[in-house]
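Trainee: predicted model follows, preceded by the sequence.
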Amino acid sequence: MQDWLAAQARVRAQRGIIRRTVPRAGAVLDLASNDYLGLATDPRLQAAAVVAVERHGTGARASRVVTGTHAVHEELEGELCALTGRPAALAFSSGYAANLGLLTALGGPGTLMLTDEHIHASLIDAARLSRSPSEVIPHGDLAVLEQRLAARSQPRAVVVIESIYSVFGDAADVSAVARLCAEHDALLVVDEAHGIGVAGHGRGAVYAAGLASAEHVAVTATLSKALGSQGGAVLGSPALREHLVNTARSFIFDTGLAPAAAGAAAQACRTIVHEPERVAAVGRNAALLAAGLDIEQAAGAVQSVPVGSPQLAAELAAKLEDAGVLVGCFRPPSVPDGISRLRLTARADLTPEQLRYATGLINTMLSRTEVPA
Ligand SMILES: Cc1ncc(COP(=O)(O)O)c(C=O)c1O
């Protein structure tokens with residue numbers, strides 16, 4: 001095993017895809033995090049986390065279906081419903097666990113799963129674990145999706161998309177996909193990890209499409225991006241929630257979300273409702289980033305600059321870090337087209353001066369670098 005581990009590490013090094021866990025540096029310009037609304041350091045969220053710890057303890061201490069459900073979980077689920085307009089919510093310990101729980105609880109031999117080509121790894125894993133017959137639909141291809149729905153032999157079908165895709169940041173046509181699902185008696189699962197807090201004045205793309213109370217649409221969310229906390233949720237009908245409480249293994253066999261994370265996320269929902277200007281600032285900063293880098297603006301907070309090889313992306317990110325600017329790297333296997341990219345987050349709390357500084361620096365570095373076409 002030790003030889004194999006060493007050989008695997010050598011292969012990763014050759015391919016330029018080594019990932020590291022490094023503590024965050026203090027005084028840097030952060031264009032890498034997913035704290036889209038700048039809420040992770042908001043004093044109101046921090047205070048809500050402290051209150052939750054004082055009331056409920058530092059850990060939930062058990063599964064939600066044993067003794068691990070606390071009042072703060074119900075508060076969070078209520079606030080998520082108020083924010084997104086969805087009738088019911090169930091909090092999980094991460095967005096990954098929410099996706100696993102939902103798709104495995106819906107899947108099986110009688111459920112065809114049709115998944116968009118660009119969905120997140122957590123959804124891919126969830127579809128695999130569900131043991132459903134499944135098929136990958138070319139990215140955003142409504143014609144193929146309709147054809148597969150019409151031709152299905154299984155009694156049930158689940159279509160899986162993201163409202164704003166995590167890598168390219170493009171938006172799905174949620175209305176059109178939901179219409180097809182309704183016509184073909186399929187359930188639509190929309191992962192709003194990058195949509196809630198960003199699209200639809202922060203209420204998400206499903207809300208913006210007028211589908212907040214649609215029974216044939218289920219939403220998954222993470223609490224760890226725009227909501228500045230940690231955890232995940234499924235948002236849907238009361239019947240779906242009840243089904244998940246009883247069958248979703250990543251809910252039942254997992255300790256409940258930590259009270260501090262639940263309290264902070266509940267406060268984040270209230271803040272988003274009352275401060276829509278934060279959400280507008282993400283769009284403004286995304287436009288400034290895209291214009292400054294001369295790239296097409298993506299729909300969400302994440303903008304990306306193609307740079308070609310993973311080695312080059314890592315090298316540029318390291319140089320930028322040395323100059324005090326943190327950016328992310330999209331490298332295989334995270335990029336569906338294999339083209340590595342610098343990943344930049346248009347956080348609401350970045351100033352135009354900071355964005356000008358960062359884009360200037362990136363442009364200077366790119367101009368000194370031969371980027372493969
Ligand atoms: C589209 C999507 N879904 C789910 C997740 C997982 O969320 P979490 O980090 O809360 O597990 C992510 C996180 O990167 C994501 O981008």
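Mentor: Nice, thanks for sending it over.
Trainee: and stretch 179-189, is it in reach of the ligand?
Mentor: No. Stretch 179-189 lies apart from the ligand when judged by C-beta under 6 Å from any ligand atom; the minimum separation is 11.1 Å. For glycine as for every other residue, the C-beta is placed from the backbone atoms N, C-alpha and C.
Trainee: tell me the mean pLDDT for that stretch?
Mentor: In this model, stretch 179-189 has an average pLDDT of 98.
Trainee: now do Ile161 against the ligand, distance only.
Mentor: Taking C-beta to the nearest ligand atom, to the nearest Å as the measure, Ile161 and the ligand are separated by 10 Å.
Trainee: before we move on, what SS does that residue have?
Mentor: The three-state label given to Ile161 by DSSP: H, G, I helix; E, B strand; the rest coil is strand.
Trainee: so it touches Asp191, yeah?
Mentor: Yes. Ile161 is within contact range of Asp191, at 7.3 Å (criterion: C-beta atoms under 8 Å).
Trainee: now for those two: what residues contact both?
Mentor: By C-beta atoms under 8 Å, 6 or more residues apart in numbering, Ile161 and Asp191 have these common neighbours: Ile119.
Trainee: neighbour count: the two, which is higher?
Mentor: Set Ile161 next to Asp191 and count neighbours by other C-beta atoms under 10 Å: Asp191 wins out with 30 against 25.
Trainee: next up, phi/psi of the more buried one, please.
Mentor: phi -80, psi 120 (degrees, to the nearest 10).
Trainee: list the contacts of it.
Mentor: Taking C-beta under 8 Å, 6+ apart as the test, what Asp191 contacts is Gly95, Asn99, Ile119, His120, Leu123, Val160, Ile161, Glu162, Ser163, Val219, Thr220, Ala221.
Trainee: same check on Pro336?
Mentor: Counting by C-beta under 8 Å, 6+ apart, Pro336 makes contact with Glu117, His118, His139, Val167.
Trainee: and the third one, how close does it get to Glu77?
Mentor: So that's His139. 32 Å (C-beta to C-beta, to the nearest Å).
Trainee: ok, back up a step: any chance of the contacts of Pro336 in a markdown table with pLDDT, secondary structure and distance to Leu211 as columns?
Mentor: Listed next are the contacts of Pro336 as a markdown table, based on pLDDT from 0 to 100; DSSP: H, G, I helix; E, B strand; the rest coil; distance: C-beta to C-beta, whole Å:
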| residue | pLDDT | secondary structure | distance to Leu211 |
| --- | --- | --- | --- |
| Glu117 | 95 | coil | 23 |
| His118 | 94 | coil | 21 |
| His139 | 96 | coil | 21 |
| Val167 | 84 | coil | 24 |
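Trainee: now, which of those sits nearest the ligand?
Mentor: Val167 (8.8 Å; C-beta to the nearest ligand atom).
Trainee: surely the closest one touches Ser304?
Mentor: Yes. Between Val167 and Ser304 there is a contact under C-beta under 8 Å: 7.2 Å.
Trainee: more neighbours: which of the two?
Mentor: Ser304 (26 against 20).
Trainee: can I assume that one sits in a helix?
Mentor: No. With three-state DSSP as the criterion, Ser304 is located in strand rather than a helix.
Trainee: mind listing the residues bridging to it?
Mentor: Residues in a beta bridge with Ser304, per DSSP bridges, are Arg343.
Trainee: got a list of what the residue of the stretch 201-350 of the chain found nearest the ligand touches?
Mentor: Nearest to the ligand in the stretch 201-350 of the chain, going by C-beta to the nearest ligand atom, is Thr222, at a distance of 3.4 Å. Contacts for Thr222 (C-beta under 8 Å, 6+ apart) come out as Ser94, Gly95, Ala98, Ala193, Gly231, Gly232.
Trainee: find the nearest non-adjacent residue to the first one, please.
Mentor: Same thing as Ser94. Gly232 (4.9 Å; C-beta to C-beta, 6 or more residues apart in numbering).
Trainee: just checking, the one you found touches Tyr96?
Mentor: Yes. Between Gly232 and Tyr96 there is a contact under C-beta under 8 Å: 6.9 Å.
Trainee: for those two, indicate the residue with more neighbours.
Mentor: Legend: neighbour count by other C-beta under 10 Å for Gly232 and Tyr96, higher for Gly232 (28 against 21).
Trainee: where does pLDDT dip in the stretch 251-373 of the chain?
Mentor: Along the stretch 251-373 of the chain, segments meeting pLDDT under 70 span 371-373.
Trainee: what are the ranges of the strands in it?
Mentor: 302-308, 325-330, 340-345 (DSSP state E, counting those that start in this stretch).
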